[in-house]
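Student: Sequence and predicted structure below; questions after.
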Amino acid sequence: MEPPVLFTALTLVVLAVLWAATFNFITRERETAHQTAAALAADVADTYEAQVVRALREIDQTLKLVGYELRRQPPQQVLDDLGMQGLLPPPMLFTIEITDAGGGLLVRNNDSDIPQAKADTVPESVRSAQDMVVGLPQRTGHDEWQLRFAQGYRDNQGRFAGVVSVLVPAAYFVSGYEPSVMGNSGVLGMIGTDGIFRVKRTGEAISAGDALDYSALAQEDVDANSPASVQSNPWDNTRRYTIIRKLYQYPLAIVVGLSEKEQLAGAHETVRLYILRSAGASLFLIIIFTLLGWLNWRLQQERKRVMEERIEHAKQVEYLAFHDSLTDLPNRAYFSHLLTENMQRVHRYERHLALLFLDLDRFKTINDSLGHDAGDELLREVALRLRASVRESDIVARLGGDEFVVLLPEISEAEQVVPVAEKILTAVAKPFELVGQEFRVTVSVGITLYPGDGRDEQTLMKNADVAMYHAKELGKNNFQFYSEALNTNSLERLSLESSLRSALEHNEFRLYYQPKRRMSNGEVTGMEALLRWEHPELGLVLPMQFIPLAEENGLIIPLGRWVFKTACQQNVTWQQQGYPPLTIAINLSARQFIDEHLLDDIKLALKETGMDPRLLEVEITESMVMRDLQQTIQILQSLKQMGVRVAIDDFGTGYSSLSNLKQFSVDTIKIDGSFIQDIVRSQEDQGLTEAIIAVGRSLGLTVVAEGVENSDQFEFLRRHFCDEFQGFYGNEPLTAEDFAQVVWKQANQPVPD
Ligand SMILES: Nc1nc2c(ncn2[C@@H]2O[C@@H]3COP(=O)(O)O[C@H]4[C@@H](O)[C@H](n5cnc6c(=O)[nH]c(N)nc65)O[C@@H]4COP(=O)(O)O[C@H]3[C@H]2O)c(=O)[nH]1
């Protein structure tokens with residue numbers, strides 16, 4: 001049940017109980033008050049009845065005594081004798097009057113001024129009646145009411161001789177009215193059975209003479225034991241606990257009444273108090289329950305808020321757990337889930353899906369030279385471009401580093417993937433602006449198709465990676481579909497690592513030499529020594545496949561030493577064989593460049609072989625020099641002092657400024673092959689190449705273009721006064737023998753000027 005409903009229901013129940021109890025108390029209080037009043041009325045009636053009866057008997061006896069004595073003595077004598085004997089009631093209150101048979105006053109026991117009885121106040125019946133007759137109330141001169149009790153007397157012959165009367169003030173019969181008991185609105189009185197009140201007192205007011213319908217009045221209360229009934233008294237319309245009790249032997253009834261209003265006033269006050277208290281308690285309860293309800297509501301709200309926060313937090317945690325915080329793309333774990341899910345679905349509907357494994361080319365260079373913030377910015381931008389290149393239903397995720405994946409969940413054939421891959425290449429290749437500079441990155445993409453290229457997630461991913469790696473090998477900025485043949489290569493690559501360590505001892509490394517030619521006349525000006533590994537089982541392994549491994553496990557240092565020594569030795573041998581002195585360029589990897597023994601190793605190689613240091617050129621990449629400028633300057637200066645030439649390889653991919661180049665005092669800059677690749681079509685690459693040539697020339701450096709593969713590229717570079725070129729258009733990397741052949745041919749077929 002909802003708390004507001006619960007608290008309202010609870011409040012109503014408690015209020016119902018409270019008010020039920022209150023009404024119960026009230027009913028009992030009223031009942032008790034009612035019974036008390038009724039009992040009190042009965043008590044008063046009992047007492048009053050006894051008083052009245054006693055007084056009436058006394059009067060009755062007086063009448064009889066006087067009547068009896070009148071047979072023997074004259075009236076005055078009777079009153080005197082009886083008075084003297086104390087047998088008459090006190091004359092102050094009771095007037096005894098004797099009249100003759102004609103109604104004439106004979107004597108009174110006092111000198112009261114009560115007028116003589118009128119015919120209507122002494123009923124005719126008194127002549128014949130044996131019993132006392134109660135006359136009608138009569139007003140005296142003092143405006144008081146007088147009651148006459150009369151009885152006829154007879155002479156010795158038994159004839160009617162007159163009437164003896166006892167006159168009593170009516171107030172006498174209601175003197176028992178106790179205001180403390182009966183209040184101001186009670187009633188005490190005596191009514192004749194003829195319906196005429198002989199006397200009636202309410203509070204201090206005494207009246208007599210009002211006539212009522214006695215039979216109607218006494219209807220209920222004729223029985224002496226009848227309890228007091230509440231009725232509206234017809235003489236003043238006041239509701240009273242009323243008892244009307246007929247007196248035995250007398251034609252009279254007593255009337256006792258207690259005002260209902262007065263008698264129940266205390267109970268009403270108590271009831272009022274009960275109601276007030278209950279109302280107060282109800283108000284208190286309502287406030288308390290409202291407060292509790294409100295607190296409970298607040299508590300519920302608070303709980304709800306905490307729950308919502310928890311859910312929100314859990315959602316966030318879940319989101320963070322499944323998304324890459326940098327790009328907001330699904331992360332590796334989530335992608336794995338999505339891939340499995342999609343594989344299952346595709347399997348069910350016998351469709352295909354394509355997985356594109358992306359790795360940014362040259363990302364490391366940007367990170368190293370521009371810093372991680374710029375690197376992050378780049379990744380974010382790449383993520384946006386990838387998302388924009390695919391459909392809403394396609395999935396783009398970041399696996400980590402500069403690796404992304406794109407999942408095309410609904411394809412029917414491999415060809416459908418090509419436009420998507422091309423779109424991605426174009427989108428990523430567009431220039432970026434970072435830290436105020438414009439630059440470009442490219443991406444290499446490996447593609448696998450489900451289920452053809454792998455029936456499980458791992459295989460599909462691994463094969464896509466293999467295909468991506470192949471794309472890198474093929475010069476980056478392209479996409480490659482996976483094929484079985486590639487996998488064989490990659491398996492080979494895995495086994496490379498284990499056999500690399502022993503390769504040096506087993507003398508499995510070879511140096512190839514790629515000629516550098518002068519642009520103007522094609523003359524060989526020098527060469528670049530390029531390392532190859534002649535694997536006993538795999539055959540020729542390219543440096544891209546093992547140099548990173550050698551860098552990782554440190555083997556690059558002894559391997560580098562071997563390269564220097566072998567290259568220098570070869571160069572010296574050629575000269576000894578009579579070939580012209582040609583420069584030989586040797587690549588340095590990052591780890592070699594910062595190795596503390598580098599200079600000593602070079603010195604030793606030069607010394608041991610007797611090579612002229614001026615024919616030796618070391619190639620370092622832009623990213624290597626930018627890593628620690630001070631250290632770079634120091635190393636390069638030492639090389640210069642030794643007479644060794646310095647070339648900046650892959651120029652244009654990093655961010656060396658002109659002033660850096662000056663500081664480094666380099667001799668050669670080599671334009672990166674990636675700019676040459678598209679130079680005929682891409683205006684951007686043309687502009688960049690032209691700029692590099694201009695920079696080189698302005699600093700008096702030799703500018704060499706790498707990766708020149710065709711005549712168009714060659715022509716462009718020649719037109720723009722590039723100094724030298726290197727590439728398949730001239731020669732591929734050659735064995736020492738083949739290189740010697742080339743040089744020999746050239747010597748015997750002089751090149752045109
Ligand atoms: N597509 C294309 N490629 C061309 C063309 N002409 C030459 N190449 C290739 O371009 C690479 C040029 O070398 P690099 O940029 O210094 O890049 C080198 C260099 O950084 C590194 N490397 C090679 N030998 C050594 C070495 O003895 N020591 C060190 N530390 N690194 C080496 O390995 C990289 C790759 O060497 P290689 O596989 O021999 O690849 C060579 C070469 O075979 C062309 O017209 N088209």
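Tutor: Right, received. Where do you want to start?

Student: In three-state terms, how would the residue of the chain most remote from its centre be classified?
Tutor: Residue farthest from the centre of the chain, counting by C-alpha atoms, centre = their mean, is Gln157 at 121.2 Å. Under DSSP: H, G, I helix; E, B strand; the rest coil, Gln157 falls in the coil class.

Student: Repeat that for Ile584.
Tutor: Applying three-state DSSP: Ile584 is strand.

Student: any idea how far it is from Ile679?
Tutor: Distance, Ile584 to Ile679, by C-beta to C-beta, to the nearest Å: 27 Å. Every C-beta, even on glycine, is put in place using the N, C-alpha and C of the backbone.

Student: next one: Val563
Tutor: When Val563 is compared with Ile679 (using C-beta to C-beta), they lie 30 Å apart.

Student: And Asp394, by the same measure?
Tutor: 33 Å.

Student: More neighbours: these two, which one.
Tutor: Taking other C-beta atoms under 10 Å, Asp394 and Ile679 do not tie; Ile679 has more neighbours (24 against 19).

Student: Leaving out the residues flanking it, which one is nearest to Asn571?
Tutor: In space, and not counting its chain neighbours, Asn571 is closest to Ile584: 4.8 Å by C-beta to C-beta, 6 or more residues apart in numbering.

Student: From the rest of the structure, what touches stretch 252-260?
Tutor: Residues outside stretch 252-260 that contact it (C-beta atoms under 8 Å, 6 or more residues apart in numbering): 37, 40-41, 44-45, 48-49, 52, 56, 134, 182-193, 197-198, 200, 214, 218, 228, 230, 233, 238-247.

Student: Among the residues you listed, which are located in strands?
Tutor: Among those, the ones falling in strands (DSSP state E) are 134, 187-192, 197-198, 200, 230, 239-246.

Student: Could you identify the helix or strand that succeeds the helix of greatest length in the chain?
Tutor: Looking across the chain with DSSP state H, the single longest helix is helix 3-69. With elements assigned by DSSP states H and E, the helix or strand that comes after helix 3-69 is helix 75-84.

Student: show me where the stretch 651-753 of the chain has helices.
Tutor: Applying DSSP state H, counting those that start in this stretch to the stretch 651-753 of the chain gives helices spanning 658-664, 673-677, 683-698, 711-719, 736-748.

Student: Now do the longest helix of the chain against helix 75-84, angle only.
Tutor: Counting by axes from the mean of the first three to the mean of the last three C-alpha atoms, to 10 degrees, helix 3-69 lies at 120 degrees to helix 75-84.

Student: one step back: among the helices of the stretch 651-753 of the chain, which is nearest Asp649?
Tutor: helix 673-677 (10.2 Å; C-beta to C-beta).

Student: who touches the closest one?
Tutor: By C-beta under 8 Å, 6+ apart, the list of residues contacting helix 673-677 reads 361, 442, 475-477, 652-653, 685, 688-689, 692, 705-709, 713, 717, 727.

Student: what number of residues lie near Met527?
Tutor: 30.

Student: wait, it sits on Arg517?
Tutor: No: counting by C-beta atoms under 8 Å, Met527 stays clear of Arg517, with 10.0 Å between them.

Student: List the contacts of Thr583.
Tutor: Lys516, Thr525, Gly526, Met527, Leu615, Leu616, Glu617, Arg645.

Student: again with Pro613
Tutor: Leu606, Met642, Gly643, Val644.

Student: For the first one, which non-adjacent residue is closest in space?
Tutor: With C-beta to C-beta, 6+ apart as the measure, Pro613 is the residue that lies nearest to Leu606, at 5.5 Å, once sequence neighbours are left out.

Student: The second one now?
Tutor: In this structure, Met642 finds its nearest non-sequential neighbour in Pro613, 5.3 Å apart by C-beta to C-beta, 6+ apart.

Student: What pLDDT does the model give the one you found?
Tutor: Looking at Pro613, its pLDDT stands at 97.

Student: Can you read off the pLDDT for Ser226?
Tutor: Value listed for Ser226 in the pLDDT field: 63.

Student: Ignore what I typed, I meant Gln741.
Tutor: At Gln741, pLDDT is 94.

Student: Check the gap between it and Val306 for me.
Tutor: For Gln741 relative to Val306 (C-beta to C-beta), the value is 83 Å.

Student: what ranges of the protein fall below the confidence cut-off?
Tutor: 1, 3, 115-123, 219-226, 487-495, 627, 653-659, 750-753 (pLDDT under 70).

Student: one step back: got a PyMOL select line for the buried ones in the contacts of stretch 252-260?
Tutor: Here is the PyMOL selection string for the buried members of the contacts of stretch 252-260, based on 16 or more other C-beta atoms under 10 Å:
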select buried, resi 37+40+41+44+45+48+49+52+56+134+182+183+185+186+187+188+189+190+191+192+197+198+200+214+218+228+230+233+238+239+240+241+242+243+244+245+246+247
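
Student: picking that back up, weed out the non-buried ones from the contacts of helix 673-677.
Tutor: Buried among those by 16+ other C-beta under 10 Å: 361, 442, 476-477, 652-653, 685, 688-689, 692, 705-708, 713, 717, 727.

Student: Need the residue closest to the centroid of this structure.
Tutor: Centre-nearest of the chain using C-alpha atoms, centre = their mean is Arg305, 2.5 Å out.

Student: Please tabulate the contacts of Thr583 in CSV, including the columns secondary structure and distance to the ligand.
Tutor: Output for the contacts of Thr583, formatted as CSV (DSSP: H, G, I helix; E, B strand; the rest coil; distance: C-beta to the nearest ligand atom, whole Å):
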residue, secondary structure, distance to the ligand
Lys516, strand, 10
Thr525, strand, 15
Gly526, strand, 14
Met527, strand, 11
Leu615, helix, 17
Leu616, strand, 13
Glu617, strand, 12
Arg645, strand, 15
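
Student: Could you export these as TSV, including distance to Arg501?
Tutor: Shown next, in TSV, are those (distance: C-beta to C-beta, whole Å):
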residue	distance to Arg501
Lys516	33
Thr525	37
Gly526	32
Met527	29
Leu615	32
Leu616	28
Glu617	29
Arg645	32
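
Student: Setting aside sequence-adjacent positions, which residue approaches Thr632 most closely?
Tutor: Val625 (4.6 Å).

Student: how would you label that neighbour: helix, strand or coil?
Tutor: Strictly by three-state DSSP, Val625 counts as helix.

Student: again with the one 5 residues further on
Tutor: At Gln630 the chain is in helix, as set by three-state DSSP.

Student: Can you get me a residue count around it?
Tutor: 7.

Student: where's it relative to Phe664, distance?
Tutor: 12 Å.

Student: for Glu537, same thing?
Tutor: 42 Å.

Student: same deal with Gly371?
Tutor: 21 Å.

Student: out of these two, which sits in the busier spot?
Tutor: With neighbours defined as other C-beta under 10 Å, Gly371 and Phe664 compare such that Phe664 has more, 20 against 13.

Student: which residues touch the nearest residue to that one once chain neighbours are set aside?
Tutor: Excluding the flanking residues, the one nearest Phe664 by C-beta to C-beta, 6+ apart is Leu636, at 5.0 Å. For Leu636, the contacting residues are Val625, Val646, Phe664, Ser665, Val666, by C-beta under 8 Å, 6+ apart.

Student: Mind giving me the PyMOL command for buried ones among the residues you listed?
Tutor: Here is the PyMOL command that selects only those of those that count as buried (16+ other C-beta under 10 Å):
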select buried, resi 625+646+664+666
